[in-house]
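1. the following comprises the amino acid sequence and a computationally predicted model.
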Amino acid sequence: MNGRKYNWPDGKRIAVMVAFDVDGELLWLQRNKENERHLTNLSRGRYSTLQAVPRILRMLEELDIKTTFFTPAWIAEQYPEVVKAIADAGHEIGYHGWMHEAYDNYEKEVALMDKVDKIFSNLLGKIPVGNRGPLGNVYDFDVRLWAERGYVYSSNWRDSDGPFIHELDGKKIPLVELPKDSIFDDTCYDLYTECEPVRINLRGGREICEVWKDEFDSLAEQGRMMNLVMHPQFMGRPHNLRPFRELLQYMKEQGAWFATNEEVARFCLKEEGIATGPCVW
């Protein structure tokens, strides 16, 4: 399945997930403990929810694109109206920890996921059905844990540019991997900070989108997929969002199927003959 060319819905050439990680202030708090007192860096995180997400939602509505917002539950507690607006617009909320954390202990991770589920259930009446590990952290028990909780996908592995079905004890399970990679992560290009760890290699949105366009063209020829990893506080800046909008329009013209991670996962399960229910989100 890793090298398979998919027959995507309606004859589309490639599946594209325009996914965002709504980390907000947590991105800065995890990079350096000193940021707890660095009010300007924390305000950079707040730009995500106060400015960027509303701008992104307007763009997605105009382009008629639905996607996944991987959102720490702490963000939902701090900005419930923003997270409600995301869900009310028909987008998926994916699992991304409470305060952007993951544990290497099964019992602690179960307790954390229970906490996150309760927050989203109370706020939205739904719980996540897929995982993108905070900081990319995944442990040896996670696949079994996600299967136990009824998850239908993971967006963590980086060893394929197409979806594949996870296995447990040598048997396929109803859990699809929708791989990501650093090449699709905007922070590899546009995260600038003079605080430790220093990042000063700043690139503009048009340059980022040229990289993604080249990757899109190549993957579309092979019938593969793209799963983006964007952070609203950076990609939601006007100078980034304008060329990104142009890229999305180009992708649409070139046969992209835009879908949420859940939609793509359930399509893949159906193609593999594995029973799956209707979309939750």
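-> Arrived safely, thanks for sending. Numbers count the residues shown, from 1 in each chain.
2. direction included, what does the longest strand along the chain pair against?
-> Longest strand in the chain, counting residues (DSSP state E): strand 171-177. Strand pairing for strand 171-177, using DSSP bridges, gives strand 153-154 (parallel), strand 164-168 (antiparallel).
3. for V198, give me the pLDDT.
-> pLDDT, V198: 63.
4. kindly apply the preceding question to T193 instead.
-> 67.
5. next: the one 10 residues further on.
-> According to the predicted model, the pLDDT of R203 comes to 82.
6. and the closest residue to it other than its chain neighbours, how many neighbours?
-> Residue nearest to R203 in three dimensions, not counting chain neighbours: Y189, with 4.3 Å by C-beta to C-beta, 6 or more residues apart in numbering. All C-beta spots, glycine's among them, are computed from the backbone N, C-alpha and C. Around Y189 sit 22 other residues, with neighbours defined as other C-beta atoms under 10 Å.
7. mind checking which helix or strand Y189 is in?
-> Following DSSP states H and E, one finds Y189 within helix 187-190.
8. with just CA atoms, put that helix into CSV.
-> Extracted in CSV, the C-alpha atoms of helix 187-190 (Å, rounded to 0.1, in the frame of the first residue of the first chain):
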residue,chain,number,x,y,z
THR,A,187,8.0,26.4,10.8
CYS,A,188,11.0,24.9,8.9
TYR,A,189,10.9,28.1,6.8
ASP,A,190,9.2,30.9,8.7
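9. I'd like to know which elements that helix is packed against.
-> helix 205-221, helix 232-235 (3 or more C-beta pairs under 8 Å, 6 or more residues apart in numbering; DSSP states H and E).
10. next structured bit after the first one?
-> Next along the chain after helix 205-221, taking DSSP H and E as the criterion, comes strand 225-227.
11. show me how far that following strand is from its chain's centre.
-> Centroid separation between strand 225-227 and its chain, computed with C-alpha atoms, centre = their mean, to the nearest Å, is 11 Å.
12. roughly how far does C279 sit from S154?
-> Noted for C279: a distance of 17 Å to S154, by C-beta to C-beta, to the nearest Å.
13. if you count what's nearby, which of these two comes out ahead?
-> Comparing C279 with S154 by other C-beta under 10 Å, the one with more neighbours is S154, at 24 against 14.
14. how about the more buried one, what does it touch?
-> 130-132, 138, 142-143, 146, 166, 175-178 (C-beta atoms under 8 Å, 6 or more residues apart in numbering).
15. go with 10 Å
-> By C-beta atoms under 10 Å, 6 or more residues apart in numbering, the contact list for S154 reads 95, 130-133, 138, 142-143, 146, 166, 175-180, 261, 265.
16. those in helices, which ones?
-> Members of the contacts of S154 lying in helices (criterion: DSSP state H): 142-143, 146, 261, 265.
17. for the residues you listed, which one is nearest E25?
-> Nearest to E25 out of these is N261 (C-beta to C-beta; 24.1 Å).
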